[in-house]
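Q: compute the structure for the input listed below.
(one chain, ligands or ions: 1)
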Amino acid sequence: MTPWTAVTDEPLSAPADDDSAAHGDSRIRGGARDSAPPGRGEEAAAAGVMPLVAMIGGGQLARMTQQAAIALGQNLRVLAGAPDESAAQVSADVVLGSHTDLDALRRAADGASVLTFDHEHVPPEHLHALVAEGVTVLPPPEALVHAQDKLLMRRRLRELGAPVPDFAPVEGTADVAEFAEHHSWPVVVKATRGGYDGKGVWVLHSQDEAAEVVAAQRAAGTVLMVEEAVPWRRELSAMVARSPFGQGAAWPVVETVQRDGVLALALAPAPGISTELASRAQQLALRLADELGVVGSMAVELFEFDGPDGTPRIQVNELAMRPHNSGHWTQDGAVTSQFEQHLRAVLDYPLGDPSPTAPLTVTANVLGAAQAPEMSMDERLHHLFARMPEAKVHLYGKGERPGRKLGHVNIAGAFPGSPDDADYAADVRERAERAAHWMSHAEWTDGWDGHADD
Ligand code: ADP
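A: Numbers count the residues shown, from 1 in each chain. Got it, this is the predicted structure:
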């Protein structure tokens, strides 16, 4: 498998999360932009030192992109809804405002070399307006719309000959019933826009269930579609990056595990995947990036299932045109992280090497417990580091709430080892899950008692 593709001669053709803890930093730029001092990134850009990248969204993806920007001598500007959002806490150049407010977007874009995203919820008409005003928007709105609208994405991918589940638009319950007659129940109904972390996805088993969901959603103005329920064996993510110059780079294909619609685990490379299937998934993702005109990092979420002849097949579930939860392993397990690669791509620098640096790297998300533990996050971190010095912890600076993504832990497996060795893979996975569970719950999954000998 060649995880690295570079073309050198000719160009190839998360909703912002709300957070807590006030900041009050005078360098944060708010509503009265004209009278406020310039942000640090703007100063550097004005001095001709470095280009300025503006990222729409103040969530953890922007926060971690900021880390990569620092290493590249840059200062990311973020458009955040509030000064205590994850990225706003760590950025010296924050524009406060909503991603649905064209004026706020203009303020974020002012003086920036490029405008990019940590989520896909900016209205397309605003992006077209910015482009018309001369702003460089990457990925371009014509590409991004395929990560914003699932029906449009399905139609385009089918046109491009990419494997997708069968689907149909939904105007009323009759459309769902007719689709189920051809494909059998259950079917999956989805909001075409605005869904995330499984919100906006309904697995329906009968016409009665369909009637209920369709009536409620249509009353709320949600546009719906229906698709086959894919009998997937597991979910995969093929992450790639593409630059305007025409370079493409593909990381190893990852296995993802979702719980309650939220990514819980990512294993890179996907254990047991054949070279042939991995290569097919990578080539598909690179081709889609190229055909859709994507610039930046992109995750192609895939279903892996058994074909009628028993051979593994893939179908595309959805696209994310930004750094993605399934790519967090690259921070501690690849030569180039997805965050650095996104910046390289939108600035049209040559792309970095996406090769893995460990036989297997596992990301486990730290999700808020139903009841936040009494032990503070700080104390949990002390205990985790004392027990597991190999754990790489990434916290997003967020208050604890049930199910909320608070951070993640990466564990890179030692050499020698292979993701195809079941015992090796189980060990790396267990350590990542144990560490993340500890950070969420202050409980060791293996019953270990650090004070047993006290
Ligand atoms: P979101 O935009 O909220 O992430 P997705 O479309 O990715 O929504 O769906 C969330 C999860 O629902 C997927 O990760 C998968 O587990 C399941 N799912 C989605 N579509 C299908 C389908 N057609 N067949 C089977 N499972 C599906």
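Q: which parts of the stretch 251-400 of the chain sit against the ligand?
A: Proximity of the stretch 251-400 of the chain to the ligand, by C-beta under 6 Å from any ligand atom, involves residues 258, 261, 301, 317-318. Where you see a C-beta, it was placed from the backbone N, CA and C, and this is true even at glycine.
Q: hang on, isn't Ala112 packed against Met55?
A: No: assessed by C-beta atoms under 8 Å, Ala112 is found out of contact with Met55, at 9.4 Å.
Q: compare the two and say which is more crowded by neighbours.
A: More crowded of Ala112 and Met55, by other C-beta atoms under 10 Å: Met55, with 31 against 22.
Q: how far does the one helix or strand that one maps to sit from its chain's centre?
A: Following DSSP states H and E, the helix or strand that holds Met55 is strand 53-56. Distance, stretch centre to chain centre, for strand 53-56: 16 Å (C-alpha atoms, centre = their mean, to the nearest Å).
Q: packing partners for that strand?
A: If you count contacts as 3 or more C-beta pairs under 8 Å, 6 or more residues apart in numbering; DSSP states H and E, strand 53-56 packs onto helix 60-71, strand 77-80, helix 102-109, strand 114-117.
Q: pretty sure Arg77 sits against Gly58.
A: No: look at Arg77 against Gly58 with C-beta under 8 Å: they stay out of range, at 10.8 Å.
Q: need the overlap of contacts for the two.
A: Taking C-beta atoms under 8 Å, 6 or more residues apart in numbering as the criterion, Arg77 and Gly58 both touch Val94.
Q: out of the residues of the stretch 251-400 of the chain next to the ligand, which sit inside helices?
A: Among those, no member falls in helices (criterion: DSSP state H).
Q: would you reformat these as CSV and include distance to Leu204, pLDDT and neighbour count?
A: Shown next, in CSV, are those (distance: C-beta to C-beta, whole Å; pLDDT from 0 to 100; neighbours: other C-beta atoms under 10 Å):
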residue, distance to Leu204, pLDDT, neighbour count
Gln258, 19, 96, 15
Gly261, 15, 90, 13
Glu301, 21, 98, 20
Asn317, 17, 98, 20
Glu318, 19, 96, 17
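Q: hang on, the earlier thing: what sits in contact with each of Ala112 and Met55?
A: Arg77.
Q: just give me the residue closest to the centre of this structure.
A: His324 (1.9 Å; C-alpha atoms, centre = their mean).
Q: tell me which residues touch that residue, please.
A: Neighbours of His324 in contact, by C-beta under 8 Å, 6+ apart: 61, 237, 239, 297-299, 338.
Q: that one and Val49: what is the separation?
A: His324 is 30 Å from Val49, where distance means C-beta to C-beta, to the nearest Å.
Q: and what of Glu120?
A: As judged by C-beta to C-beta, Glu120 and Val49 stand 31 Å apart.
Q: please apply the same query to Gln60.
A: Gln60 is 27 Å from Val49, by C-beta to C-beta.
Q: who has more neighbours out of those two?
A: Each of Gln60 and Val49 has its neighbours counted (other C-beta under 10 Å); Gln60 has more, 27 against 12.
Q: so how far is Leu157 from the closest residue to the more buried one other than its chain neighbours?
A: Spatial nearest neighbour of Gln60, chain neighbours left out: Tyr396 (4.0 Å); criterion: C-beta to C-beta, 6 or more residues apart in numbering. Tyr396 sits 32 Å away from Leu157, going by C-beta to C-beta.
Q: closest to Ala412 among the contacts of His324?
A: Gln338 (15.4 Å; C-beta to C-beta).
Q: need the next SSE after the helix or strand hosting Ala143, C-terminal direction.
A: According to DSSP H and E, Ala143 maps onto helix 141-148. Following helix 141-148 in sequence order, the next helix or strand is helix 150-159 (DSSP H and E).
Q: strand partners (parallel or antiparallel) of the helix or strand following that next one?
A: Next along the chain after helix 150-159, taking DSSP H and E as the criterion, comes strand 167-170. Applying DSSP bridges, strand 167-170 is found paired with strand 224-228 (antiparallel).
Q: the inter-axis angle of the strand it pairs with versus helix 150-159?
A: Strand 224-228 and helix 150-159 are oriented at 40 degrees to each other (axes from the mean of the first three to the mean of the last three C-alpha atoms, to 10 degrees).
Q: quick one: name whatever helix or strand follows strand 224-228.
A: Strand 224-228 is succeeded, C-terminally, by strand 234-242 (DSSP H and E).
Q: give me the below-cutoff pLDDT ranges for the stretch 1-150 of the chain.
A: Confidence mapping of the stretch 1-150 of the chain against pLDDT under 70 gives the ranges 1-48.
Q: could you look up the SS state of Glu322?
A: Small correction: residue 322 is Arg, not Glu. Classification of Arg322 using DSSP: H, G, I helix; E, B strand; the rest coil returns coil.
Q: what number of residues lie near the nearest residue to it once chain neighbours are set aside?
A: Take Arg322 and drop its neighbours on the chain: the residue closest to it by C-beta to C-beta, 6+ apart is Phe117, 5.3 Å away. Around Phe117 there are 28 other residues, counting by other C-beta under 10 Å.
Q: just checking, Phe117 touches Met55?
A: Yes: between Phe117 and Met55 there is a contact under C-beta under 8 Å: 6.6 Å.
Q: pull the residues that contact the lengthiest helix in the chain.
A: Longest helix of the chain, by residue count under DSSP H: helix 422-441. Residues outside helix 422-441 that contact it (C-beta under 8 Å, 6+ apart) are 265, 267, 271, 359-369, 373, 377, 380-381, 383-384, 388, 390-391, 393, 406-413, 417-419, 443-446.
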